[in-house]
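**Student:** Quick one, what's the 3D model for this:
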Amino acid sequence: MIWASRRLKKISPFNSSSRHRAPKLSQQPVAHGDPGSVYVVLAPTAEITAPLIFEALFNGPQDDEEEFDRWMEDDHIPLLLECDDWLAVRRFSLPVAEPVPATRLAIHYLASHDALTSPECAAARDTEFQKRIARLSWMDQRRHGLFKAHRDRYPGLQGAD
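**Tutor:** Purely as a prediction, here's the structure:
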């Protein structure tokens, strides 16, 4: 599932003068959470580009997956998307992951480094639900990475109509 900020089309890296393409946003309200929220659900095949990509890998036991998913979907992601620089989050369940074992992957699309130090990010790390999840022994082994876009994904298509 992909969660995206309702502001996504208004953010400069995705405007028509940019080399980045804006994803098509779903017109359907989210299936859970507040219908007046700041996020929408994207089509699973939506193309998303962003200046920065932050990834997080988690390797939790099957017994904890339901609680972890509820935390991500109902608590963590909605709070992150309150930040203007947090553009979207795409999540994956991983049946097999090598060479690093993992059961869940979250890809965060960021407009700037400021998202990672924003008050919204701090708030997402300071909820009661997050504190309960953080106490799970395997959460200490989560892995993160930050990647910067350095060119168009499909440079041959630039300017083609």
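
**Student:** My guess is residue 88 contacts residue 48. True?
**Tutor:** Yes - taking CB atoms under 8 Å as the definition, residue 88 is a contact partner of residue 48 at 5.5 Å. Backbone N, C-alpha and C define where each C-beta goes, glycine included.

**Student:** Comparing those two, which residue is more hemmed in?
**Tutor:** Legend: neighbour count by other CB atoms under 10 Å for residue 88 and residue 48, higher for residue 88 (24 against 20).

**Student:** That one sits in which helix or strand?
**Tutor:** In this structure, residue 88 sits in strand 86-93 according to DSSP states H and E.

**Student:** And residue 100, by the same measure?
**Tutor:** If you go by DSSP H and E, residue 100 is not part of any helix or strand.

**Student:** Okay, now the unreliable bits of the chain?
**Tutor:** Flagging of the chain using pLDDT under 70 yields the residue ranges 1-3, 5-46, 150-161.

**Student:** in it, which spans are helices?
**Tutor:** Applying DSSP state H to the chain gives helices spanning 62-71, 77-80, 119-124, 128-134.
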